[in-house]
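Colleague: Compute the structure for the input listed below.
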Amino acid sequence: MNLVYNEIIRSLAENNISYYLFNESEYDSFMKIVDNNFINYENENYSFLWEKINKANRESISLVNGWKYSCDFTTRFRDVLLFLDPIEDTKLIIKLNSEDLCTLLEDTFSFVYYLSNEECTFLMCFNDHDYLIVSGISTQFIKDVKNNLEVS
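Modeller: Next comes the predicted model:
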């Protein structure tokens, strides 16, 4: 397993966070839904999933503490799914309570992660360039964040 995976598992254990780890079949099924809903593979020159998010329904913003904003959005859901970029060669999807997600992200070092819900109505990524990239129902949230930052 890789360093990020180990860091996530460490934080889950140390913070007594309940979670469900998807098995390989569940992982593959969910990632097919992500692909169908949000990913455009027309340009295969890109490596990372966040580079392939369909531009027609994507918003992004540069935020050093973007993980906090992802917590703000996901608290409207009971549970969220956290997963890593498939390029990491780690088939990891963790289902956890949205409040516990914030504890996890606050406790770990910064890493590229993706969030969604079980219905896969949104895709959210915080990448290693401090960009919060979203698609689906989370696009309006980022538009609102942008507007609020411009006003203040």
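Colleague: Now do the buried residues in stretch 128-138.
Modeller: 132-136, 138 (16 or more other C-beta atoms under 10 Å). Where C-beta positions appear, they are placed from N, C-alpha and C, glycine not excepted.
Colleague: so which two of those residues are the farthest from each other?
Modeller: The two members of these with the most space between them (C-beta to C-beta) are Leu132 and Gly136, at 13.7 Å.
Colleague: got the buried residues for the lowest-mean-pLDDT helix or strand in the chain?
Modeller: Lowest on mean pLDDT, DSSP states H and E among the helices and strands of the chain sits helix 139-151, with a mean of 89. Neighbour-count burial for helix 139-151, with 16+ other C-beta under 10 Å as criterion, is recorded at 139, 141-142, 145.
Colleague: Next, format the residues you listed as a markdown table and append distance to Cys102.
Modeller: As requested, those are exported to a markdown table (distance: C-beta to C-beta, whole Å):
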| residue | distance to Cys102 |
| --- | --- |
| Thr139 | 21 |
| Phe141 | 15 |
| Ile142 | 18 |
| Val145 | 16 |
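Colleague: Closest to Glu118 out of those?
Modeller: Phe141 (18.4 Å).
Colleague: List the residues that contact that closest one.
Modeller: Contact analysis of Phe141 by C-beta atoms under 8 Å, 6 or more residues apart in numbering lists 72-73, 134.
Colleague: could you measure it against Thr74, distance?
Modeller: 10 Å (C-beta to C-beta, to the nearest Å).
Colleague: May I have the beta-bridge partners of the most centrally placed residue in the chain?
Modeller: Nearest residue to the geometric centre of the chain (C-alpha atoms, centre = their mean): Tyr114, 1.8 Å. Per DSSP bridges, the residues bridged to Tyr114 are Phe83, Cys125.
Colleague: That one and Leu132, how far apart?
Modeller: Tyr114 sits 11 Å away from Leu132, going by C-beta to C-beta.
Colleague: which neighbours do those two share?
Modeller: Common contact partners of Tyr114 and Leu132 (C-beta under 8 Å, 6+ apart): 124-125.
Colleague: What residues does the residue nearest to the centre of the chain make contact with?
Modeller: Tyr114 sits in contact with 34, 49-50, 82-85, 123-125, where contact means C-beta under 8 Å, 6+ apart.
Colleague: Thanks a lot, see you next time.
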